[in-house]
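K.L.:
Sequence and computational prediction follow.
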Amino acid sequence: MKIELIGENRLGITQEVLTVITEQKLEAASMEAITEHIYIDVPGLTEHNLPHVSSALMKIRGIHRISVIDLLPNERRRFHLDTLLSNFPDPVFTIDAKGTILSANTAAATPLGLSAALLEGKSINTILEGGCTLIEKSLAGQPHKQSQEVTLGGQPYLLELQSMQPITAEYSHDSQSKQHIPFTGNPVTNSPLKDSMLTESTLTEGSIKDRMLILHTPSRLGHHISKVQMGNVKGFNAIAGKSAAMVQIKNRAQQFASVHAPLLIQGETGTGKELFARALHQTSPWSAAAFLALNCAALPENLIESELFGYAAGAFSGATRDGKPGLLELADGGTVFLDEIGEMSTYVQAKLLRFVQDGTFLRVGGKKERKINVRIICATHRNIEQLVQERQFREDLMYRLNVLNLTLPPLRERPDDIIDLAEVFIARAANQIGCATPSINSDAKKLLMGYSWPGNVRQLENLLFRTIALHQHKTISADDLTSIGITHNALVDNTEPHNWKTAQAAFEKDLLTQLYQHYPSTRKLAKRLEVSHTTIADKLRVYGIK
């Protein structure tokens, strides 16, 4: 039975407690003393003799209360740590100076089909592949890297090697002292007062050569990266827009979310293709796994290949000696989003085609084939069919990626969403700038509704941010918008032209009006448009542009 004694913090009280227990013909297996608390494990103490022993202990000066407990504090701490380690998702080993496994958690034993207890006593070199040199250097005290890729049970991991620092305790008798006193034998000859004279330097003498090995799977590393990148995205609820076109496209996207098949998202620049891809992932059954994105237009061919598929050790000049997993491995079980897929070279397309077909690939410079399960979502603003005709995109890959398809409408085709989007962006911009959220007057709304928005939603957000940054007014007016580039002359005329002649005249007037602001003379404007000075002069006079 284990008991807790609460009382005064005075010198000699623990010795008196042990003396009483011995007089009761009992033996203390262990004792822990913390300020005003004494914890004792007494195996021979039972419910039958507890009242008599408690009565004797209460006669000690300074003891106020005695209660039965289930665990001593250090036992409870060890139990919690063991439980935590056992449920830790990454494999963890501790080894001694010879590389012998001292302990391992469940995650370390599972890939090998063994129990954690069966790993104890085995050499770590027989368990891990690829990390022997790193471990040997560390145990020998030589300079070494802190991480390296290894294989456990045929699966790749990133090995993190850590020295185990000794946990020290300083025994004293001040008001903040803590003592853990393992105790066996006669309490008089094995006095805890002698133990309390141990110093910290005595406990830390010598060096601890035990090491702790933590193995991280690429997918868990990718999951952590994904959590940082995803931010506070809230699925399709984060996508503003209540127009019929947007309701239809969101309903279709929600149907696709649970289908594990390649998806191609098409639409003009700035329509929110990546936002839809993230929402699709978050509402999918595998949303707990990673979502990682790669912009194929932002990197050269060789970097796209290594970023996507990873590379083997020493694959090329500048590569790390131990290799590197690519986005596909990091996102195993989740989603990889390839933006601007139309910019990918035909060489990388061929390698991607093989992965989409059977889920296997080779790292750059690697010889070992790897197989993972990742959903591919691609996006492009270009016409894929036209790229195929021009032999810039593989036809077989197009069919593989275009199993499911979403085409996002441009902002000009859903004007009913413009004001809702504007209010969201205005509130967001005001929060970032740190000013009060302004309203929009009716004239400004008409201007926003009629503008063509060639840059779509992204252009709307950027222009409104600029407006609020430059004009921190309570109300956004039409003049505020025109001052940052939205003009009445850029309004879209939704009415159909009467004939070819009127359509041509409308186009010429709009073009000349816009360019005349930047080339304010007939000669400059004629040179810009590569026509005669007389032609421009006549047109400006006909359309009343000055």
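P.N.:
That came in fine, so what should we check first?

K.L.:
which helices and strands does the biggest strand by length in the chain pack with?
P.N.:
What stands out as the longest strand in the chain, according to DSSP state E, is strand 155-163. Under the contact criterion of 3 or more C-beta pairs under 8 Å, 6 or more residues apart in numbering; DSSP states H and E, strand 155-163 touches helix 132-139, strand 147-152, strand 211-216, helix 218-230. C-beta here means a position set from N, CA and C on the backbone, and glycine is covered the same way.

K.L.:
Any regions of the stretch 401-546 of the chain where pLDDT drops low?
P.N.:
487-499, 546 (pLDDT under 70).

K.L.:
And for the stretch 251-400 of the chain?
P.N.:
If you take pLDDT under 70 as the line, the stretch 251-400 of the chain has these spans: 314-322.

K.L.:
What residues of the longest strand of the chain count as buried?
P.N.:
Applying a neighbour-count criterion of 16 or more other C-beta atoms under 10 Å, one finds Pro156, Tyr157, Leu158, Leu159, Leu161 buried in strand 155-163.

K.L.:
now those in CSV, with distance to Ala240 and pLDDT?
P.N.:
Shown next, in CSV, are the buried residues of strand 155-163 (distance: C-beta to C-beta, whole Å; pLDDT from 0 to 100):
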residue, distance to Ala240, pLDDT
Pro156, 41, 78
Tyr157, 42, 82
Leu158, 40, 81
Leu159, 45, 82
Leu161, 48, 80
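
K.L.:
so what are the domain limits for the chain?
P.N.:
Domain assignment for the chain by automatic domain parsing gives 2-75, 88-167+209-216, 220-407, 411-490, 500-543.

K.L.:
give the contact list for Arg370.
P.N.:
Taking C-beta atoms under 8 Å, 6 or more residues apart in numbering, we find Arg370 in contact with Pro156, Glu329, Thr360, Phe361, Leu362, Arg363.

K.L.:
let's see it at 10 Å
P.N.:
For Arg370, the contact set (C-beta atoms under 10 Å, 6 or more residues apart in numbering) comprises 156, 218, 309-310, 325-326, 328-329, 332, 355, 359-363.

K.L.:
could you flag which of these are buried?
P.N.:
156, 218, 309-310, 325-326, 328-329, 332, 355, 361-363.

K.L.:
so which of these comes closest to Leu57?
P.N.:
Nearest to Leu57, judged by C-beta to C-beta, of the buried ones among the contacts of Arg370 is Pro218 at 57.8 Å.

K.L.:
if I look at the closest one, how far off is Ala313?
P.N.:
Per C-beta to C-beta, to the nearest Å, Pro218 is found 15 Å from Ala313.

K.L.:
The stretch 201-350 of the chain: strands as residue ranges?
P.N.:
In the stretch 201-350 of the chain, the segments counted as strands under DSSP state E, counting those that start in this stretch are 211-216, 263-266, 291-295, 310-311, 324-325, 335-339.

K.L.:
and the first one, which strands flank it?
P.N.:
Which is strand 211-216. Applying DSSP bridges, strand 211-216 is found paired with strand 92-95 (antiparallel), strand 155-163 (antiparallel).

K.L.:
Please tabulate these in a markdown table, including the columns distance to Leu387.
P.N.:
Converted to a markdown table, the strands paired with strand 211-216 look like this (distance: least, C-beta to C-beta, whole Å):
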| stretch | distance to Leu387 |
| --- | --- |
| strand 92-95 | 49 |
| strand 155-163 | 35 |
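
K.L.:
List the contacts of Ala429.
P.N.:
Counting by C-beta under 10 Å, 6+ apart, Ala429 touches Cys435, Thr437, Pro438, Glu461, Asn462, Leu464, Phe465, Arg466, Thr467, Ile468, Ala469.

K.L.:
Now render those as CSV, adding neighbour count and secondary structure.
P.N.:
Compiled in CSV, the contacts of Ala429 are given as follows (neighbours: other C-beta atoms under 10 Å; DSSP: H, G, I helix; E, B strand; the rest coil):
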residue, neighbour count, secondary structure
Cys435, 14, coil
Thr437, 13, coil
Pro438, 22, coil
Glu461, 19, helix
Asn462, 15, helix
Leu464, 27, helix
Phe465, 18, helix
Arg466, 15, helix
Thr467, 26, helix
Ile468, 24, helix
Ala469, 14, helix
